[in-house]
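**Student:** What shape does this take:
(one chain, ligands or ions: 1)
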Amino acid sequence: MAQTKKNLLDYTPDKLKAFFLEKGEKPFRATQIIKWVHQQSVDNFDDMLNVSKALRQQLSETTEIRGPDVAIDNISDDGTRKWLLRLDDGNCIETVYIPEDGRGTLCISSQVGCALDCTFCSTARQGFNRNLTVAEIIGQLWLAKRLLQPNPESERVISNVVMMGMGEPLLNFDNVIDAMKIMLDDNAYGLSKRRVTLSTSGVVPALDRLRDQVEVSLAISLHAPNNALRDQLVPINRKYPIEQLLDSCKRFMHGKAARERLTIEYVMLHDINDSDEIAHELAVVLKDVPAKVNLIPFNPFPETRYKRSSNNRIHRFRDILVEAGLTVITRKTRGEDIDAACGQLAGKISDRSRREIHFARIEKNIVKT
Ligand code: SAH
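**Tutor:** As a prediction, this is how the structure comes out:
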């Protein structure tokens, strides 16, 4: 039986070193290959000019460099770009690129579907299919870089990566960690820890392990200041209540530089979590947490029971938090004309019964109001 080729996108620098050592090659080969794959964005071994012909030949027989296929490529009037990517098993995921003055953010998915059941998120309705592999996670960045920056020497267009696409990254812990290690590695993408952000709904035991594995920035999908309300919006709260989550956040930030802040994500839902009283309560629970708050206007999707808070309400909510001494950013909706805004992405997944399910959601732009 023909052996399937190993995809080199699956390998962190350390794992690639071990791979070459096993073959009796020197570890520096791993550095050379990592640079070709991730800096030069090549997928053809013949292009690897500083690698011997014999090794190139051997590698091309047993390994490959293969990102996901582009099924749909959409560009919004505002420059936001969304790809529907097809995976080997026919599932599709989405990746969004958001250009802004002086930076470009890539929003990456970590799972096909999602196992959590956040009531304001349409991905939740589609259920969970499977975790993405390391190659499928880093492959989103590898591919976007190839498409956006055809000449590797030209100015960097992807300056930030956010793990805010489909899925809960901390429930695909090992693969997400490996993918983020590749993002941070100087011989690969060389992104600084401030420019790689993991967003989680609060899987506390995994959050407690994160810091020991890799240094990245953190965003927490809080959405409510008390357990009664958060139990309804983010049901994983019943397992890991707010007090436990915020304690874990404090442990995560402990010993970091005073200017470092984690991000509290807060989706603005009309008449649900947007009152003055709740704003005051939020300011109190965040008192000892080194955090800035990101207010996200809710993006409705078919059959949702929620509505977006009015702009006036969002401003008032923000003012209360600011008066309490918090830093607040309101996320601006981008890419709505191509359904690339939060809650609007519609990928396609095949579940275990091969039913085709539509699902939605991802992140978009972050600007100050
Ligand atoms: N599972 C992770 C990462 C993906 S969600 C997490 O929960 O953090 C990233 C963000 O998408 C969440 O913070 C949530 O605020 C936002 N989101 C999901 N559905 C949304 C919607 N319909 N409108 C606005 N934001 C939404």
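
**Student:** Tally up the residues packed near residue 241, please.
**Tutor:** For residue 241, the neighbour count with other C-beta atoms under 10 Å is 16. All C-beta atoms are positioned from the backbone trio N, CA, C, and that covers glycine.

**Student:** which non-adjacent residue is nearest it?
**Tutor:** Leaving out its chain neighbours, the residue that sits closest to residue 241 by C-beta to C-beta, 6 or more residues apart in numbering is residue 227, at 5.0 Å.

**Student:** Also residue 290?
**Tutor:** Of all residues not flanking residue 290 in the chain, residue 253 sits nearest, at 4.8 Å (C-beta to C-beta, 6+ apart).

**Student:** interface residues of the stretch 51-200 of the chain facing the ligand?
**Tutor:** 120-121, 164, 168, 199-200 (C-beta under 6 Å from any ligand atom).

**Student:** hmm, 5 Å instead?
**Tutor:** Counting by C-beta under 5 Å from any ligand atom, the stretch 51-200 of the chain comes close to the ligand at 121, 164, 168, 199.

**Student:** Save those as a markdown table, and put in secondary structure and pLDDT too.
**Tutor:** Below are those laid out as a markdown table (DSSP: H, G, I helix; E, B strand; the rest coil; pLDDT from 0 to 100):
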| residue | secondary structure | pLDDT |
| --- | --- | --- |
| 121 | coil | 90 |
| 164 | coil | 94 |
| 168 | coil | 96 |
| 199 | strand | 98 |
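
**Student:** all helices in the stretch 1-150 of the chain, in order from the N-terminus.
**Tutor:** Taking DSSP state H, counting those that start in this stretch, the helices of the stretch 1-150 of the chain run over residues 13-22, 28-34, 53-62, 122-126, 134-148.

**Student:** Could you do the stretch 151-300 of the chain as well?
**Tutor:** Using DSSP H, counting those that start in this stretch, the helices found in the stretch 151-300 of the chain span residues 173-184, 204-213, 227-233, 242-253, 276-285.

**Student:** got the buried residues for the last one?
**Tutor:** Same thing as helix 276-285. For helix 276-285, the neighbour count (16 or more other C-beta atoms under 10 Å) marks 278-279, 281-283, 285 as buried.

**Student:** Could you name the helices and strands sitting against that helix?
**Tutor:** Taking 3 or more C-beta pairs under 8 Å, 6 or more residues apart in numbering; DSSP states H and E as contact, the helices and strands that helix 276-285 lies on are helix 311-323.

**Student:** Only the C-alpha atoms, please, for the helix it packs on, written as PDB.
**Tutor:** What follows is helix 311-323 as a C-alpha-only set of coordinates in PDB (Å, rounded to 0.1, in the frame of the first residue of the first chain):
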ATOM      1  CA  ASN A 311     -24.900  52.600  19.300                       C
ATOM      2  CA  ASN A 312     -26.100  54.900  22.100                       C
ATOM      3  CA  ARG A 313     -26.300  52.000  24.500                       C
ATOM      4  CA  ILE A 314     -22.800  50.700  23.500                       C
ATOM      5  CA  HIS A 315     -21.400  54.300  24.000                       C
ATOM      6  CA  ARG A 316     -23.100  54.600  27.400                       C
ATOM      7  CA  PHE A 317     -21.900  51.100  28.500                       C
ATOM      8  CA  ARG A 318     -18.400  52.100  27.400                       C
ATOM      9  CA  ASP A 319     -18.500  55.400  29.200                       C
ATOM     10  CA  ILE A 320     -19.400  53.700  32.500                       C
ATOM     11  CA  LEU A 321     -16.400  51.300  32.100                       C
ATOM     12  CA  VAL A 322     -14.100  54.100  31.200                       C
ATOM     13  CA  GLU A 323     -15.200  56.200  34.200                       C
END
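
**Student:** And for it, what's in contact with it?
**Tutor:** 268, 270, 274, 276, 278-280, 282-283, 293, 295, 297, 309, 328, 330, 369 (C-beta atoms under 8 Å, 6 or more residues apart in numbering).

**Student:** hmm, back to that, pretty sure the residue nearest to residue 241 is touching residue 245, no?
**Tutor:** No - between residue 227 and residue 245 there is no contact, the gap being 10.1 Å when judged by C-beta atoms under 8 Å.

**Student:** quick revisit: lowest mean pLDDT across the helices of the stretch 1-150 of the chain, which one is that?
**Tutor:** The weakest mean pLDDT among these belongs to helix 122-126, with a mean of 82.

**Student:** So for stretch 81-99, mean pLDDT?
**Tutor:** For stretch 81-99, mean pLDDT rounds to 94.

**Student:** The chain should start at 42 in everything you say after this.
**Tutor:** Noted, 42 is the first residue going forward, which turns the last one into stretch 122-140.

**Student:** Pick out whichever of residue 268 and residue 286 has more residues nearby.
**Tutor:** residue 286 (24 against 13).

**Student:** show me what contacts that one?
**Tutor:** Residue 286 touches 243, 245, 248, 261, 263, 278, counting by C-beta under 8 Å, 6+ apart.

**Student:** Distance check, it against the ligand.
**Tutor:** Separation of residue 286 from the ligand (C-beta to the nearest ligand atom, to the nearest Å): 12 Å.
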